[in-house]
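Asks: what follows is a predicted protein model with its sequence.
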Amino acid sequence: MKVRGTRGGILLGLDQRDTPESVETALSSNRQLLEGRVLVEVAGKVEYPVLEAVANRVREAGGELVEIRPPAAVEQARGETVIVSKTVRSGARIESSGSVVVLGDVNAGAELVANDDIIVLGLLRGVAHAGANGNEKAVIWAQRILSPQLRIGGALAQAGDGRSEGSRPEVALLEDARIVVRPWD
Amino acid sequence: MNANAIVVTSGKGGVGKTTSTANVGVALAKLGDRVAVVDTDVGLRNLDVVMGLEGRVVYDLIDVFEGRCRLKQALIRDKRVENLYLIAASQTKDKSSLSEERMQTTVRTLLEEEDFDRVLIDSPAGIEKGFRTAASAANGALVVVNPEVSSVRDADRIIGLLESNGINEVRLVVNRLRPEMIKRGDMLEVDDMLDILGVKLIGVVPEDEKVLVSTNLGSPASLDGGVRTGAGHAFRDIARRIHGEEIPYPLLEQERGPFAGLRRLFGGG
(Lines give C-alpha, C1' and ligand atoms only; values in the text may rest on other atoms or scores of the structure.)
Protein backbone atom coordinates (compact mmCIF):
# COMPACT_ATOMS: atom_id res chain seq x y z
CA MET A 1 0.00 0.00 0.00
CA LYS A 2 1.16 3.50 -0.84
CA VAL A 3 0.02 6.59 1.04
CA ARG A 4 0.09 9.99 -0.56
CA GLY A 5 -1.38 13.39 0.27
CA THR A 6 -3.42 15.06 -2.44
CA ARG A 7 -5.58 18.15 -2.65
CA GLY A 8 -8.73 16.01 -2.41
CA GLY A 9 -7.51 14.23 0.73
CA ILE A 10 -5.29 11.30 1.65
CA LEU A 11 -4.82 8.87 -1.20
CA LEU A 12 -4.29 5.18 -0.44
CA GLY A 13 -2.90 3.15 -3.33
CA LEU A 14 -3.80 -0.54 -3.15
CA ASP A 15 -2.63 -3.36 -5.36
CA GLN A 16 -2.81 -7.16 -5.51
CA ARG A 17 -0.05 -7.56 -2.92
CA ASP A 18 -2.14 -6.00 -0.13
CA THR A 19 -3.96 -8.19 2.41
CA PRO A 20 -6.42 -7.10 5.14
CA GLU A 21 -3.66 -7.74 7.70
CA SER A 22 -1.00 -5.66 5.95
CA VAL A 23 -3.47 -2.82 5.49
CA GLU A 24 -4.53 -2.91 9.17
CA THR A 25 -0.89 -2.91 10.31
CA ALA A 26 -0.02 0.01 8.11
CA LEU A 27 -3.07 2.10 8.97
CA SER A 28 -3.22 1.49 12.73
CA SER A 29 0.12 3.22 13.15
CA ASN A 30 -1.02 6.20 11.05
CA ARG A 31 -4.46 6.80 12.50
CA GLN A 32 -4.31 10.57 12.31
CA LEU A 33 -4.06 10.36 8.51
CA LEU A 34 -7.55 8.95 8.26
CA GLU A 35 -9.38 11.72 10.10
CA GLY A 36 -10.29 13.67 6.98
CA ARG A 37 -11.20 12.78 3.41
CA VAL A 38 -9.76 9.51 2.14
CA LEU A 39 -9.49 8.37 -1.46
CA VAL A 40 -8.56 4.86 -2.57
CA GLU A 41 -6.88 3.89 -5.80
CA VAL A 42 -7.14 0.27 -6.83
CA ALA A 43 -4.43 -0.92 -9.19
CA GLY A 44 -5.21 -4.43 -10.35
CA LYS A 45 -7.07 -7.09 -8.44
CA VAL A 46 -7.77 -6.24 -4.80
CA GLU A 47 -9.84 -8.57 -2.59
CA TYR A 48 -13.01 -7.17 -1.01
CA PRO A 49 -11.82 -7.83 2.61
CA VAL A 50 -8.92 -5.44 1.93
CA LEU A 51 -11.33 -2.67 1.00
CA GLU A 52 -13.47 -3.55 4.01
CA ALA A 53 -10.45 -3.26 6.30
CA VAL A 54 -9.66 0.17 4.88
CA ALA A 55 -13.26 1.31 5.23
CA ASN A 56 -13.40 0.10 8.88
CA ARG A 57 -10.19 1.92 9.81
CA VAL A 58 -11.38 5.14 8.21
CA ARG A 59 -14.69 4.96 10.06
CA GLU A 60 -12.92 4.24 13.38
CA ALA A 61 -10.66 7.25 12.87
CA GLY A 62 -13.65 9.47 12.12
CA GLY A 63 -12.71 10.12 8.55
CA GLU A 64 -14.76 9.87 5.36
CA LEU A 65 -14.10 7.45 2.51
CA VAL A 66 -15.10 9.60 -0.46
CA GLU A 67 -13.90 7.73 -3.53
CA ILE A 68 -12.65 4.39 -4.88
CA ARG A 69 -11.15 4.63 -8.33
CA PRO A 70 -8.67 3.08 -10.72
CA PRO A 71 -5.23 4.67 -10.72
CA ALA A 72 -5.11 8.02 -12.47
CA ALA A 73 -3.60 7.18 -15.83
CA VAL A 74 -0.02 8.29 -15.69
CA GLU A 75 -0.25 9.91 -19.07
CA GLN A 76 3.17 10.16 -20.56
CA ALA A 77 3.61 12.31 -23.57
CA ARG A 78 3.50 9.72 -26.33
CA GLY A 79 5.54 10.24 -29.45
CA GLU A 80 4.25 9.69 -32.90
CA THR A 81 4.05 6.14 -34.18
CA VAL A 82 6.09 5.61 -37.32
CA ILE A 83 4.51 3.11 -39.71
CA VAL A 84 6.69 1.66 -42.46
CA SER A 85 4.63 -0.09 -45.09
CA LYS A 86 7.41 -2.06 -46.76
CA THR A 87 10.46 -4.13 -45.98
CA VAL A 88 13.19 -2.25 -44.13
CA ARG A 89 16.41 -3.06 -45.93
CA SER A 90 20.04 -3.23 -44.94
CA GLY A 91 21.52 0.18 -44.18
CA ALA A 92 18.19 1.80 -43.34
CA ARG A 93 17.59 3.26 -39.87
CA ILE A 94 14.07 4.01 -38.67
CA GLU A 95 13.66 6.17 -35.58
CA SER A 96 10.57 7.17 -33.67
CA SER A 97 9.77 9.23 -30.60
CA GLY A 98 6.90 6.77 -30.13
CA SER A 99 6.53 3.27 -31.54
CA VAL A 100 7.66 1.78 -34.83
CA VAL A 101 5.36 -0.53 -36.78
CA VAL A 102 6.76 -2.32 -39.83
CA LEU A 103 4.33 -3.94 -42.25
CA GLY A 104 6.98 -6.23 -43.68
CA ASP A 105 10.36 -7.69 -42.81
CA VAL A 106 13.30 -5.94 -41.22
CA ASN A 107 16.37 -7.30 -42.96
CA ALA A 108 19.81 -7.86 -41.52
CA GLY A 109 21.82 -4.67 -41.45
CA ALA A 110 18.79 -2.46 -40.76
CA GLU A 111 18.21 -0.67 -37.47
CA LEU A 112 15.02 0.31 -35.63
CA VAL A 113 15.06 2.70 -32.69
CA ALA A 114 11.87 3.62 -30.81
CA ASN A 115 11.11 5.29 -27.51
CA ASP A 116 8.17 2.93 -27.13
CA ASP A 117 7.39 -0.42 -28.73
CA ILE A 118 8.66 -2.01 -31.91
CA ILE A 119 6.20 -4.15 -33.81
CA VAL A 120 7.27 -6.03 -36.92
CA LEU A 121 4.61 -7.97 -38.78
CA GLY A 122 7.26 -9.91 -40.68
CA LEU A 123 10.62 -11.30 -39.69
CA LEU A 124 12.98 -9.20 -37.60
CA ARG A 125 16.57 -9.84 -38.67
CA GLY A 126 17.95 -6.36 -38.00
CA VAL A 127 18.91 -4.65 -34.76
CA ALA A 128 16.01 -3.31 -32.68
CA HIS A 129 16.13 -0.88 -29.75
CA ALA A 130 12.81 -0.35 -27.98
CA GLY A 131 12.36 2.02 -25.07
CA ALA A 132 15.35 3.98 -26.26
CA ASN A 133 14.61 6.83 -23.84
CA GLY A 134 14.57 4.45 -20.89
CA ASN A 135 11.00 3.18 -21.13
CA GLU A 136 11.33 -0.23 -19.52
CA LYS A 137 7.79 -1.27 -20.38
CA ALA A 138 8.58 -1.19 -24.07
CA VAL A 139 8.41 -4.49 -25.97
CA ILE A 140 9.63 -5.83 -29.27
CA TRP A 141 7.16 -7.99 -31.14
CA ALA A 142 7.81 -9.81 -34.42
CA GLN A 143 6.64 -12.76 -36.43
CA ARG A 144 10.07 -14.19 -35.67
CA ILE A 145 12.90 -12.50 -33.81
CA LEU A 146 16.16 -13.39 -35.57
CA SER A 147 18.16 -10.31 -34.62
CA PRO A 148 21.83 -10.45 -33.76
CA GLN A 149 21.14 -7.88 -31.04
CA LEU A 150 18.13 -6.51 -29.17
CA ARG A 151 17.98 -3.58 -26.78
CA ILE A 152 15.19 -2.52 -24.46
CA GLY A 153 15.82 0.54 -22.32
CA GLY A 154 19.39 0.15 -21.14
CA ALA A 155 19.49 -3.63 -21.44
CA LEU A 156 21.17 -5.45 -24.27
CA ALA A 157 20.83 -9.02 -25.49
CA GLN A 158 22.86 -10.77 -28.11
CA ALA A 159 21.58 -13.70 -30.09
CA GLY A 160 22.42 -16.98 -28.40
CA ASP A 161 22.77 -20.34 -30.07
CA GLY A 162 19.71 -21.80 -28.41
CA ARG A 163 17.27 -19.88 -30.58
CA SER A 164 13.91 -21.55 -30.95
CA GLU A 165 12.98 -22.67 -34.42
CA GLY A 166 9.27 -22.30 -33.80
CA SER A 167 6.98 -20.48 -36.16
CA ARG A 168 4.97 -18.66 -33.54
CA PRO A 169 5.29 -14.90 -33.10
CA GLU A 170 7.73 -13.83 -30.42
CA VAL A 171 7.87 -10.95 -27.99
CA ALA A 172 10.92 -9.56 -26.23
CA LEU A 173 10.46 -7.71 -22.97
CA LEU A 174 12.33 -6.72 -19.84
CA GLU A 175 12.14 -8.94 -16.78
CA ASP A 176 14.33 -7.97 -13.80
CA ALA A 177 16.38 -5.72 -16.07
CA ARG A 178 17.11 -8.60 -18.45
CA ILE A 179 15.70 -9.10 -21.92
CA VAL A 180 13.69 -12.27 -22.36
CA VAL A 181 12.25 -13.52 -25.65
CA ARG A 182 9.24 -15.78 -25.49
CA PRO A 183 6.55 -17.12 -27.77
CA TRP A 184 3.57 -14.82 -27.98
CA ASP A 185 0.12 -16.25 -27.60
CA MET B 1 10.89 -5.47 -68.39
CA ASN B 2 9.52 -2.14 -69.52
CA ALA B 3 12.71 -0.35 -68.53
CA ASN B 4 14.99 0.68 -71.37
CA ALA B 5 17.80 2.09 -69.26
CA ILE B 6 18.92 -0.73 -67.00
CA VAL B 7 21.68 -0.39 -64.43
CA VAL B 8 23.59 -3.56 -63.56
CA THR B 9 24.68 -3.33 -59.95
CA SER B 10 25.40 -5.31 -56.79
CA GLY B 11 26.94 -3.25 -54.01
CA LYS B 12 29.58 -5.87 -53.42
CA GLY B 13 32.47 -6.14 -55.82
CA GLY B 14 33.49 -9.23 -57.71
CA VAL B 15 30.07 -10.86 -57.97
CA GLY B 16 29.87 -10.59 -61.76
CA LYS B 17 28.40 -7.21 -62.69
CA THR B 18 30.64 -6.63 -65.68
CA THR B 19 30.36 -10.21 -66.91
CA SER B 20 26.58 -9.99 -66.60
CA THR B 21 26.44 -6.65 -68.41
CA ALA B 22 28.52 -7.95 -71.30
CA ASN B 23 26.65 -11.21 -71.62
CA VAL B 24 23.14 -9.80 -71.26
CA GLY B 25 24.10 -7.03 -73.69
CA VAL B 26 25.28 -9.55 -76.27
CA ALA B 27 22.19 -11.71 -75.75
CA LEU B 28 19.79 -8.75 -76.08
CA ALA B 29 21.51 -7.67 -79.30
CA LYS B 30 21.21 -11.22 -80.62
CA LEU B 31 17.46 -11.01 -79.97
CA GLY B 32 17.38 -7.97 -82.25
CA ASP B 33 17.59 -5.08 -79.80
CA ARG B 34 19.82 -2.16 -80.62
CA VAL B 35 21.90 -2.16 -77.44
CA ALA B 36 24.42 0.23 -75.89
CA VAL B 37 26.44 -0.98 -72.90
CA VAL B 38 27.96 1.83 -70.87
CA ASP B 39 30.83 1.30 -68.43
CA THR B 40 30.65 3.78 -65.54
CA ASP B 41 33.42 2.22 -63.48
CA VAL B 42 35.74 5.14 -64.14
CA GLY B 43 39.28 4.38 -63.01
CA LEU B 44 38.85 0.62 -63.15
CA ARG B 45 37.31 0.10 -66.54
CA ASN B 46 37.01 -3.45 -67.75
CA LEU B 47 33.80 -3.87 -69.65
CA ASP B 48 35.74 -3.22 -72.86
CA VAL B 49 38.21 -5.96 -71.90
CA VAL B 50 35.49 -8.50 -71.14
CA MET B 51 33.85 -7.68 -74.47
CA GLY B 52 37.13 -7.89 -76.35
CA LEU B 53 36.91 -4.29 -77.54
CA GLU B 54 39.81 -2.84 -75.55
CA GLY B 55 41.98 -2.15 -78.59
CA ARG B 56 39.29 -0.07 -80.23
CA VAL B 57 38.65 2.43 -77.45
CA VAL B 58 39.56 5.93 -78.60
CA TYR B 59 37.10 8.11 -76.73
CA ASP B 60 35.38 7.21 -73.47
CA LEU B 61 32.53 8.32 -71.22
CA ILE B 62 34.56 11.10 -69.57
CA ASP B 63 35.45 12.48 -73.01
CA VAL B 64 31.74 12.66 -73.77
CA PHE B 65 31.02 14.31 -70.42
CA GLU B 66 33.75 16.89 -70.92
CA GLY B 67 32.85 17.60 -74.50
CA ARG B 68 36.07 16.33 -76.06
CA CYS B 69 34.09 14.22 -78.50
CA ARG B 70 30.60 13.72 -79.77
CA LEU B 71 28.58 10.85 -78.31
CA LYS B 72 28.68 9.02 -81.65
CA GLN B 73 32.48 9.00 -81.60
CA ALA B 74 32.56 7.24 -78.25
CA LEU B 75 30.23 4.46 -79.41
CA ILE B 76 32.29 1.40 -80.29
CA ARG B 77 30.51 -1.06 -82.52
CA ASP B 78 30.92 -4.73 -81.75
CA LYS B 79 31.81 -6.51 -84.99
CA ARG B 80 30.60 -9.93 -83.88
CA VAL B 81 27.04 -8.97 -83.06
CA GLU B 82 24.93 -6.56 -85.00
CA ASN B 83 23.42 -3.63 -83.11
CA LEU B 84 25.75 -3.89 -80.10
CA TYR B 85 27.74 -0.83 -79.03
CA LEU B 86 30.00 0.01 -76.09
CA ILE B 87 30.89 3.24 -74.36
CA ALA B 88 34.03 2.58 -72.33
CA ALA B 89 34.93 4.10 -68.98
CA SER B 90 38.11 6.08 -68.65
CA GLN B 91 40.95 4.39 -66.86
CA THR B 92 43.18 7.39 -66.49
CA LYS B 93 41.14 10.55 -66.47
CA ASP B 94 39.92 12.34 -63.42
CA LYS B 95 36.45 11.20 -62.48
CA SER B 96 35.42 14.52 -60.99
CA SER B 97 33.38 15.24 -64.10
CA LEU B 98 31.08 12.28 -63.34
CA SER B 99 27.72 13.86 -62.78
CA GLU B 100 24.21 12.55 -62.53
CA GLU B 101 22.97 15.23 -64.85
CA ARG B 102 25.49 14.44 -67.60
CA MET B 103 24.78 10.74 -67.21
CA GLN B 104 21.05 11.33 -67.59
CA THR B 105 21.58 13.50 -70.67
CA THR B 106 23.87 10.90 -72.24
CA VAL B 107 21.46 8.03 -71.70
CA ARG B 108 18.51 10.09 -72.90
CA THR B 109 20.41 10.99 -76.07
CA LEU B 110 21.28 7.33 -76.68
CA LEU B 111 17.63 6.32 -76.42
CA GLU B 112 16.00 9.26 -78.17
CA GLU B 113 18.47 10.43 -80.78
CA GLU B 114 20.68 7.42 -81.40
CA ASP B 115 17.66 5.10 -81.49
CA PHE B 116 18.89 2.52 -79.03
CA ASP B 117 16.26 0.11 -77.71
CA ARG B 118 18.11 -0.54 -74.46
CA VAL B 119 21.00 0.95 -72.58
CA LEU B 120 22.78 -1.29 -70.07
CA ILE B 121 24.76 0.65 -67.50
CA ASP B 122 27.56 -1.23 -65.75
CA SER B 123 27.82 0.25 -62.25
CA PRO B 124 30.95 0.28 -60.11
CA ALA B 125 30.90 -1.60 -56.80
CA GLY B 126 29.94 0.30 -53.68
CA ILE B 127 27.21 2.82 -52.95
CA GLU B 128 29.17 6.00 -53.52
CA LYS B 129 29.20 8.55 -56.29
CA GLY B 130 29.97 6.08 -59.08
CA PHE B 131 26.98 3.95 -58.22
CA ARG B 132 24.73 6.97 -57.76
CA THR B 133 25.75 8.35 -61.12
CA ALA B 134 25.11 5.02 -62.83
CA ALA B 135 21.73 4.57 -61.16
CA SER B 136 20.58 8.15 -61.72
CA ALA B 137 20.02 7.55 -65.42
CA ALA B 138 18.27 4.17 -65.05
CA ASN B 139 14.61 3.26 -64.94
CA GLY B 140 15.26 -0.42 -64.21
CA ALA B 141 17.92 -2.49 -62.53
CA LEU B 142 19.52 -5.92 -62.59
CA VAL B 143 20.94 -6.64 -59.15
CA VAL B 144 23.63 -9.30 -59.33
CA VAL B 145 24.02 -11.44 -56.24
CA ASN B 146 26.11 -14.47 -55.33
CA PRO B 147 24.70 -17.13 -53.04
CA GLU B 148 26.54 -15.90 -49.97
CA VAL B 149 25.42 -13.93 -46.94
CA SER B 150 27.54 -10.80 -47.47
CA SER B 151 26.51 -10.49 -51.10
CA VAL B 152 22.84 -10.77 -50.17
CA ARG B 153 23.29 -8.14 -47.46
CA ASP B 154 24.85 -5.69 -49.94
CA ALA B 155 22.22 -6.44 -52.56
CA ASP B 156 19.55 -5.64 -49.97
CA ARG B 157 21.17 -2.28 -49.32
CA ILE B 158 21.42 -1.55 -53.03
CA ILE B 159 17.79 -2.49 -53.63
CA GLY B 160 16.77 -0.06 -50.88
CA LEU B 161 18.77 2.71 -52.51
CA LEU B 162 17.35 1.92 -55.95
CA GLU B 163 13.82 1.97 -54.59
CA SER B 164 14.37 5.29 -52.88
CA ASN B 165 15.60 6.61 -56.24
CA GLY B 166 12.26 5.64 -57.73
CA ILE B 167 13.61 2.64 -59.67
CA ASN B 168 10.90 0.10 -59.15
CA GLU B 169 11.64 -2.42 -61.87
CA VAL B 170 14.35 -4.23 -59.96
CA ARG B 171 15.22 -7.80 -60.95
CA LEU B 172 17.58 -10.27 -59.33
CA VAL B 173 20.34 -12.17 -61.13
CA VAL B 174 21.73 -14.99 -59.00
CA ASN B 175 25.23 -15.55 -60.31
CA ARG B 176 27.78 -18.29 -59.62
CA LEU B 177 25.26 -20.80 -58.35
CA ARG B 178 26.74 -24.20 -57.53
CA PRO B 179 23.84 -26.61 -57.32
CA GLU B 180 25.92 -29.40 -55.79
CA MET B 181 26.87 -27.12 -52.87
CA ILE B 182 23.26 -26.17 -52.26
CA LYS B 183 22.36 -29.85 -52.18
CA ARG B 184 24.92 -30.29 -49.41
CA GLY B 185 23.46 -27.27 -47.59
CA ASP B 186 26.68 -25.28 -47.96
CA MET B 187 25.18 -22.42 -49.93
CA LEU B 188 22.21 -20.13 -49.64
CA GLU B 189 19.26 -21.36 -51.62
CA VAL B 190 17.77 -19.18 -54.33
CA ASP B 191 14.38 -19.29 -52.64
CA ASP B 192 15.91 -18.06 -49.37
CA MET B 193 17.53 -15.15 -51.20
CA LEU B 194 14.24 -14.26 -52.86
CA ASP B 195 12.49 -14.39 -49.47
CA ILE B 196 14.98 -11.99 -47.95
CA LEU B 197 15.28 -9.58 -50.86
CA GLY B 198 11.64 -9.58 -51.92
CA VAL B 199 12.30 -8.78 -55.57
CA LYS B 200 11.53 -10.74 -58.72
CA LEU B 201 14.04 -13.20 -60.10
CA ILE B 202 15.18 -12.82 -63.69
CA GLY B 203 18.12 -15.19 -63.93
CA VAL B 204 20.04 -18.01 -62.28
CA VAL B 205 23.54 -18.33 -63.68
CA PRO B 206 25.66 -21.31 -62.69
CA GLU B 207 29.31 -21.16 -61.80
CA ASP B 208 30.88 -22.06 -65.12
CA GLU B 209 34.57 -22.05 -65.87
CA LYS B 210 33.73 -21.32 -69.48
CA VAL B 211 32.80 -17.82 -68.31
CA LEU B 212 36.26 -17.29 -66.92
CA VAL B 213 37.85 -18.49 -70.13
CA SER B 214 35.56 -16.44 -72.34
CA THR B 215 36.06 -13.38 -70.13
CA ASN B 216 39.80 -13.67 -70.54
CA LEU B 217 39.40 -14.11 -74.28
CA GLY B 218 37.09 -11.11 -74.50
CA SER B 219 34.39 -13.25 -76.00
CA PRO B 220 31.22 -13.27 -73.83
CA ALA B 221 29.82 -16.74 -73.17
CA SER B 222 26.41 -15.81 -74.51
CA LEU B 223 27.87 -15.36 -78.00
CA ASP B 224 27.38 -19.07 -78.52
CA GLY B 225 24.70 -20.83 -76.57
CA GLY B 226 26.60 -23.79 -75.15
CA VAL B 227 24.84 -26.43 -73.07
CA ARG B 228 21.39 -25.84 -71.64
CA THR B 229 22.68 -25.68 -68.09
CA GLY B 230 25.72 -23.52 -68.85
CA ALA B 231 26.21 -19.85 -68.01
CA GLY B 232 25.99 -18.67 -71.62
CA HIS B 233 22.54 -20.16 -71.92
CA ALA B 234 21.48 -18.66 -68.60
CA PHE B 235 22.45 -15.17 -69.79
CA ARG B 236 20.47 -15.72 -72.99
CA ASP B 237 17.47 -16.70 -70.87
CA ILE B 238 17.84 -13.43 -68.95
CA ALA B 239 17.68 -11.45 -72.20
CA ARG B 240 14.55 -13.33 -73.24
CA ARG B 241 12.94 -12.71 -69.85
CA ILE B 242 13.77 -9.00 -70.20
CA HIS B 243 11.75 -9.26 -73.42
CA GLY B 244 8.88 -10.64 -71.42
CA GLU B 245 9.14 -14.33 -72.29
CA GLU B 246 8.23 -16.89 -69.64
CA ILE B 247 11.10 -19.35 -69.44
CA PRO B 248 11.53 -22.06 -66.83
CA TYR B 249 14.60 -22.11 -64.62
CA PRO B 250 16.38 -25.44 -65.22
CA LEU B 251 18.74 -24.93 -62.27
CA LEU B 252 15.96 -23.94 -59.92
CA GLU B 253 13.91 -26.99 -60.78
CA GLN B 254 16.99 -29.05 -59.93
CA GLU B 255 17.39 -27.24 -56.66
CA ARG B 256 13.77 -27.51 -55.67
CA GLY B 257 13.30 -31.09 -56.82
CA PRO B 258 10.06 -32.59 -58.10
CA PHE B 259 8.21 -32.45 -54.77
CA ALA B 260 9.50 -29.09 -53.59
CA GLY B 261 6.26 -27.38 -54.53
CA LEU B 262 4.34 -29.75 -52.28
CA ARG B 263 6.86 -29.41 -49.48
CA ARG B 264 6.56 -25.64 -49.62
CA LEU B 265 2.80 -25.94 -49.65
CA PHE B 266 2.94 -27.84 -46.38
CA GLY B 267 5.25 -25.37 -44.74
CA GLY B 268 8.47 -27.27 -45.27
CA GLY B 269 11.18 -26.71 -47.80
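Replies: That came in fine, so what should we check first?

Asks: now do the helices in chain A.
Replies: Here chain A has its helices, by DSSP state H, at A:20-28, A:48-61.

Asks: for the longest one, list every residue counted as buried.
Replies: Pointing back at helix A:48-61 there. Within helix A:48-61, the residues that count as buried by 16 or more other Cβ atoms under 10 Å in any protein chain shown are A:50-51, A:53-54, A:57-58, A:61. Where C-beta positions appear, they are placed from N, C-alpha and C, glycine not excepted.

Asks: just give me the closest of those to chain B.
Replies: Closest to chain B out of the buried residues of helix A:48-61 is A:Val50 (50.1 Å), distances taken as Cβ to the nearest Cβ.

Asks: residue contacts, that closest one?
Replies: When contacts are counted by Cβ atoms under 8 Å, 6 or more residues apart in numbering or on different chains, A:Val50 is found next to A:14, A:18-20, A:23.

Asks: near chain B, which residues of chain A show up?
Replies: Within reach of chain B by Cβ under 8 Å from any Cβ of the partner chain, chain A has these residues: A:87, A:89-92, A:104-105, A:107-109, A:125, A:167.

Asks: pick out the most distant pair among the residues you listed.
Replies: The span of the residues of chain A next to chain B, defined through Cβ to Cβ, is set by A:Gly91 and A:Ser167 at 28.0 Å.

Asks: those two: which has the busier surroundings?
Replies: With neighbours defined as other Cβ atoms under 10 Å in any protein chain shown, A:Gly91 and A:Ser167 compare such that A:Gly91 has more, 19 against 9.

Asks: contacting residues for the closest residue to that one other than its chain neighbours?
Replies: Spatial nearest neighbour of A:Gly91, chain neighbours left out: B:Arg157 (4.1 Å); criterion: Cβ to Cβ, 6 or more residues apart in numbering or on different chains. If you count contacts by Cβ under 8 Å, 6+ apart, B:Arg157 has them with A:89-91, A:109, B:11, B:127.

Asks: do you know how far B:Arg157 is from A:Ile94?
Replies: 15 Å (Cβ to Cβ, to the nearest Å).

Asks: cool, and B:Thr215?
Replies: B:Thr215 sits 41 Å away from A:Ile94, going by Cβ to Cβ.

Asks: cool, and B:Leu75?
Replies: Taking Cβ to Cβ, one finds B:Leu75 at 44 Å from A:Ile94.

Asks: of the two, which one has the most company?
Replies: A:Ile94 (20 against 17).

Asks: skipping adjacent residues, who's closest to the more buried one in space?
Replies: A:Leu112 (5.1 Å).

Asks: now A:Asp15
Replies: A:Asp15's closest residue in space is A:Ala43 (Cβ to Cβ, 6+ apart), at 4.5 Å.

Asks: what sits against the one you found?
Replies: A:13-15, A:70-71.

Asks: just the buried residues from these, in ChimeraX please.
Replies: One line in ChimeraX is enough to select the buried members of the contacts of A:Ala43, burial here meaning 16+ other Cβ under 10 Å:
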select /A:14
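
Asks: kindly reformat the contacts of A:Ala43 as a markdown table containing distance to B:Thr19 and pLDDT.
Replies: Compiled in a markdown table, those are given as follows (distance: Cβ to Cβ, whole Å; pLDDT from 0 to 100):
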| residue | distance to B:Thr19 | pLDDT |
| --- | --- | --- |
| A:Gly13 | 72 | 88 |
| A:Leu14 | 74 | 88 |
| A:Asp15 | 69 | 86 |
| A:Pro70 | 68 | 79 |
| A:Pro71 | 67 | 73 |
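
Asks: what pLDDT does the residue of chain A found nearest chain B get?
Replies: In chain A, the residue that lies nearest chain B is A:Arg89 (3.5 Å; Cβ to the nearest Cβ). A:Arg89 is assigned a predicted lDDT (pLDDT) of 95.

Asks: what about it, how many neighbours?
Replies: So A:Arg89, with other Cβ under 10 Å, has 28 neighbours.

Asks: who's in contact with it?
Replies: Under the criterion of Cβ under 8 Å, 6+ apart, the neighbours of A:Arg89 are A:107, A:109-110, B:156-157, B:159-160, B:163.

Asks: any low-confidence regions in chain B?
Replies: Within chain B, the stretches with pLDDT under 70 are B:225-229, B:254-269.

Asks: poorly predicted segments of chain A, please.
Replies: In chain A (pLDDT under 70), the answer is A:72-78, A:160-166.

Asks: what's the domain layout of it?
Replies: Domain ranges of chain A: A:2-69, A:82-183, per automatic domain parsing.
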